[in-house]
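S.K.: Turn this into a model:
(2 chains)
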Amino acid sequence: MKYFTRLRVRRVYKWRGDPLAFNRKLKTYDYGSLAISVEGLPRTTVIVVGQHILIEGEDEDDPYVAKVTRLFGDDSGKQKKAVVQWFARVSEVPASKLKLLGREPHPQEIFYYQGRVCEDEVNAESILRPVKVKHLDGAAPFPDSDDKDTLFVKMSWDSKIFRVVPSAVVDPASEPAPAFSPPPRSKPSLPPSPPCSPPAATPTSRRVSRRTLSTPEPAEVRCSWGSMSTGKVRSLEAESHHSATKLSASKCLSATRRKASARTPGVRKKLQLCSPEKTSPEDAMDQLLDQELESEMMLVQRLSSSPPQALHLTPHRKGHTAPASPLSHRLTPLRKAQGGRDAEDAIPIKPSSVVLQQLSETDSPPPASRGDSTRATTPSRRKEAKAARESALAVLVEVDNENSPMLPAATTPRSSKRKSALLVSSRIRKQLHLLNNDQVLNSDGEDEDEDVFVPSKALQSSSEEDEEEEEEELDSDQEVGAKKSRVGSRTPRSKGKRGTSARTPRKTPNKKITPSTPQTPRYATPIIPSRSLPARCPANVLEEARARLHVSSVPESLPCREQEFQDIYSFVESKIVDGTGGCMYISGVPGTGKTATVHEVMRCLQHAAEVDEIPPFHFIEINGMKMTDPHQAYVQILQKLTSQKATADHAAALLEKRFSNPAPRKESTVLLVDELDLLWTRKQNVMYNLFDWPTRRHARLVVLTIANTMDLPERIMINRVASRLGLTRMSFQPYSFKQLQQIITSRLNKVKAFEEDALQLVSRKVAALSGDARRCLDICRRATEICEHSAPPTPSASGLVGMSHVMEALNEMFSSAYITAIKCASVQEQLFLRAVIAEFRRLGLEEATFQQVFVQHQALCRVEGLQPISVSEGLAVCQRLGACRLLLLEPSRLGVLQRVRLNVSQDDVLYALKAD
Amino acid sequence: MLQPIRVRDEPNQEVVIAGQVVFPRMRKNRSIMSKRKAKYAHLPIGESITQVQSMLRERLCNQRLPDKPEGTEAQHKHLLELLRRTAIHGESNSVLIVGPRGAGKTMLLKCVLRDLLEDKEAQKSLLQVHLNGLLQTDDRIALKEITRQLHLENVVGDKVFGSFAENLAFLLEALKKGDRSSSRPVLFILDEFDLFAHHKNQTLLYNLLDVSQSAQAPIAVVGITCRLDVLELLEKRVKSRFSHRQIHLLSSLTFTQYLQRVQSQLSLPQDFPDVKFAQDWNDSIKTLCEDKSAEEALRRHFNSSKDFRSLHILLMLCLSRVTVAKPVIKPADLLEASRLCFVDAKANMLHGLSILELCLIIAMKHLNDVYEGEPFNLQMVHNEFKKFLQRKSNSMYNFEQPVIMKAFEHLQQLELIRPVDGSAAKTQKEYQLMRLMLDHSQIMEALQKYPLCPTDVKQWAMSAFG
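M.R.: Residues are numbered from 1 along each chain as shown, chains lettered A, B, ... in the order given. Coordinates of the predicted model:
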């Protein structure tokens, strides 16, 4: 997909034509197609409902694949959104799960995604371009000569297992073909299960040919399986569907009300017998026809009528294109025959059709998409879809009357079968057509073709009735779903931000093209050269102990932090399982195992994810100290999430988009922010964002923050940041001496290198000072060295690290060197220190100028019988003491006027000087 | 092999020849070795002197490491072991070498490295990065330098590409990818370690020490500093990551050891080409160190500082007084060198002043005495000077105000006086408050040595009150 780089130029998105429908409650307009033009290029790409598209994702080279089911925007025209059915790329399927496929995935293979609900509403401005998608039979080989842009669907993927996608279901969905692509030649035939299998064998090619007319693709995929299993409900009980919808989301009320506007409850009640849920004219008409045909078994018919619809589906679609290709002609008879069967042997067909129905219910892009396609292909209907619905009743009446055969449709042989239905549909179409004119004009040359084919549509329309009914139903469902998703998704995002976030990615690459600073060479791999000889392994007990005691060695377990471990584990686990987000603040003095515990938790969780106990998740880690600037946090997070490089601002925008926009198959992200206090900025926007993202609905982000001070949120964070961080706090207490002892023992793990007393001494000493485990381990390590280098062990010592060694190590590390330094100073330096103290005593202050001290110094020299030194020499002495920080001095340019202070207590100085 | 002419040149030659006769080994050497060697024994005196000077200069200017550590054996062993473990076992470590200036910290490290790299295994694997706090004044520069010295892959030629953030990420990534057993150990030497602690957030130190405490590429961080309180400079999280190993180089040197050191520093080695001359020279050094006055001068030095660097300066001054005419260091040379070392810089400057300027200085001294160090201004100094002229002077003229002003400004430029901090620039020059940057002793010393100083000026300076 290299040419994305070319397309990085700014794209302009425009609706084509006028809105098809208006949702008053949500103030959204539905559109039929979207025109994408690249700035500076004359060509315009048109995205129509039902088409497969690529959607900008985190990975620029591997955009998401989806199919448009609906396009809509708000009245201001600023927000353009699309409802899509997702497909998963091979790369999006976790590698561990790919094994389930049982074969090598084709690089261009995609999977029909049925997994856990993922947000299917996307920003239309993230649409990149249309893409060709082909359905292949499960056993069929992947064609190899195809160009790289064609993708293949064989299986569906629901995040647990792969299933073969029934061709009948996916086929309509797998329709590829952007306007410019040549229709693929004959594909390996796909034998679908039900009676209509022969017709199903050819659908793709036909569809493609239809596609060349740019008739939009089937859509509405999601509603059928996403919001609810509508098919069944519909066919059984309208009322139950209705209530189910209500139940499923209270927010959809408005949508149902909208539906109600199309069919007043009363009317619906009346019609219920025949059309349980749909007031759409076609639906009702179908029912009526059925009634006509089989007046006795009305209810049975009702049940069975929907399966046939599903059956029709594929043939039917062929029917659409029938006039366009010879194949379709071949099919028409079949279709007819089926229609006949439909009417006559509804009951015998039932079993098989039910099977299909179920399929369509579960996977069911086809019915929905088909419905949509009909809508889309008949431009006339588009615009007035709503109007048509509202006038459903009237139409129904008209249908009953069966008057006015107005379209050439009437001339087709089929019309004989179901004349009335045909007439009605054509009539409706015509009505809609009138209103839809501008849209037709708007679209490119393709529209002409469309117009040409309207008759053909009319031809099919007899068989379409059932489907149209379905379509209507799905339509309403979709509205509900859309409504739901919209309501959910709208709140967290601000409108303005969305636009920018969608646009930024295209801007920054441009920036990158003109690099002002030299970049790191592209393929530089950060690596330290490896050594020729392997590092030696520890040879004796002491070396072994030392290796184990090194802070870096990863212990088998983390003793003494069980409670904290448990708390963090359950916190993170619950968030991952629920797919929600949250923040936690962990504080504690250095060396109390904060980071180690979190890492341990992550190791365990990752293991759990591997064995499928919890959903998989990302773990990323940033450290405030390991970045040069707080804003680099964005860059690092982005890079670790998607291995993308970006500037800080761009990265922030991308992350904002990622965490606020829904994306398919989004895994939870666990973010560890170490040394949080370093991320402080004056506006605190970095911290604000870090804590705000987890609260977004689609973020699925768990943020664990670590810092040293317990009251950091209160001390440095402004209210809005602290509030977002929340009150999930945890504090790591410094280790007690028993814990430290346990830590050392567990690390040594039965390597006998220390005397018990020695260990206790170390632990007590460290616990008293800081409770820092690192310190403790370092002292032990030093003690082993001292032990090793001390003269051959006395018989009693037996080579173990004893008290004396530990004492020596402790002294080395904890004793201050000041006293030794004073003892080792030269005579004049010692005299000068004495002079300083003498002068301090004389002045009664802890500060004196060099000149004053020097007078004392000269006097002391005489007392000591030494030759008095010159001022220069005295200054040199003073500077030397200052360099060691035994004295604190003003800058030396002040010469004799510089002020002198002691950096050690007078007592220490006197003690050191007396000891001589 | 008779060289009667040379014998005349060098009075001590006979002794040397006698020595040859006494020591058969030398003689044997001589006879075995070719004519050339034989010739060396009779180098012209000038050539010998040149050789001595170049050899000793090399030694005194720290260009040559001593063969073995002197007085720092324990520290040497500790550090060597530590670095060897990093180089061979891949154990990460961090250590600070702390000691006053001139205590031999860098020398210790260099010796250790020299000894360490004798080991082939260590030599092959160890990478070194040398940083200096005075050169790498911030983390950005330090990172570039590290990357450059490690020859990481983002180095092209001698240039390091990428921004600060990129470099940091790159380095950390590189270190993170390494592991104990397979990566080459890296030795980071941070000279003037305390200055790195002043970098923003101590990012570099945190990261280096963090790597040294985690299972990444093995590194050893060796900090060199003269500040005893260096650990207090570290942030607590940085401090926690530091292993707290400190090697203190605090020499508890006695004067005897000091004298020995002087002798060994000046002695010529056995393999000096002209053996006779070497013997002669070494003898003379021995006598020098035993000389009372020389010892006194050296003791004064020792009292002032045990630092070898200042000793080396003293010895260099002595060495430079060695000539063909005087091919030995005499105690007088040492005394003269010592005098040069201890001479007061400010007093020297006073010698170059005019009488008028000197008078102004004296007036200031009196003002200081009267007002107990309170600042003064030009007008006060001028008045004091005028008083002196009225009362006593017969050799001095009454100078015009502008001349006085000029002299005053000159003193200010020499930084013998400096304006009081915060005295407003607005005030007129005459009234700007000043302080004297000299001590009384310096003024008196300068007056003693000032050539042709008028007596009345001297007396005025001596007198208790102006």
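S.K.: quick one: low-confidence ranges for the stretch 151-300 of chain B?
M.R.: Where the stretch 151-300 of chain B drops to pLDDT under 70, the residues are B:157-158.
S.K.: can you check the stretch 1-150 of chain A too?
M.R.: A:1-10, A:24-26, A:39-41, A:57-62, A:75-78, A:94-99, A:102, A:115-119, A:138-140, A:142-149.
S.K.: Helices of that one, start to end?
M.R.: Taking DSSP state H, counting those that start in this stretch, the helices of the stretch 1-150 of chain A run over residues A:4-7, A:95-98.
S.K.: Please apply the same query to the stretch 701-850 of chain A.
M.R.: Going by DSSP H, counting those that start in this stretch, the stretch 701-850 of chain A shows helices at A:712-716, A:719-725, A:737-748, A:756-769, A:773-789, A:803-814, A:818-824, A:827-843, A:850-864.
S.K.: quick one: the fourth one to helix A:773-789, angle?
M.R.: In this structure, helix A:756-769 runs at an angle of 140 degrees to helix A:773-789, with axes from the mean of the first three to the mean of the last three Cα atoms, to 10 degrees as the basis.
S.K.: near chain B at all, helix A:756-769?
M.R.: No - counting by Cβ under 8 Å from any Cβ of the partner chain, chain B has no neighbours in helix A:756-769; the shortest distance is 10.8 Å. C-beta coordinates here come from the backbone N, C-alpha and C atoms, glycine included.
S.K.: which outside residues touch that helix?
M.R.: Helix A:756-769 is contacted from outside by A:734-741, A:744-745, A:772, A:775-776, A:779-780, A:783, A:800-803, A:805-807, A:810, A:814, using Cβ atoms under 8 Å, 6 or more residues apart in numbering or on different chains.
S.K.: Buried ones among those?
M.R.: A:734-735, A:737, A:739-741, A:744, A:772, A:775-776, A:779-780, A:783, A:800-802, A:805-807, A:810 (16 or more other Cβ atoms under 10 Å in any protein chain shown).
S.K.: and the helices of the stretch 701-850 of chain A as TSV, adding mean pLDDT?
M.R.: Below are these laid out as TSV (pLDDT from 0 to 100):
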stretch	mean pLDDT
helix A:712-716	88
helix A:719-725	89
helix A:737-748	89
helix A:756-769	90
helix A:773-789	89
helix A:803-814	88
helix A:818-824	89
helix A:827-843	93
helix A:850-864	92
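S.K.: Distance check, residue B:316 against residue A:163.
M.R.: 90 Å (Cβ to Cβ, to the nearest Å).
S.K.: Just to check, residue B:303 is in contact with residue A:829?
M.R.: No - between residue B:303 and residue A:829 there is no contact under Cβ atoms under 8 Å: 9.2 Å.
S.K.: Quick check on the two: which one has the bigger neighbour count.
M.R.: residue A:829 (25 against 21; other Cβ atoms under 10 Å in any protein chain shown).
S.K.: residue contacts, that one?
M.R.: Contacts for residue A:829 (Cβ under 8 Å, 6+ apart) come out as A:877, A:880-881, B:305.
S.K.: please redo it, this time with the cut-off set to 6 Å
M.R.: Counting by Cβ atoms under 6 Å, 6 or more residues apart in numbering or on different chains, residue A:829 makes contact with A:877, A:881.
S.K.: Just grab the bridge partners of the residue lying closest to residue A:19 once chain neighbours are set aside for me.
M.R.: Of all residues not flanking residue A:19 in the chain, residue A:29 sits nearest, at 3.3 Å (Cβ to Cβ, 6 or more residues apart in numbering or on different chains). Beta-bridge partners for residue A:29, by DSSP bridges, are residue A:22, residue A:73.
S.K.: For burial, what's the neighbour tally of residue A:29?
M.R.: 18.
S.K.: Distance of it relative to chain B?
M.R.: Using Cβ to the nearest Cβ, to the nearest Å, residue A:29 is found at 45 Å from chain B.
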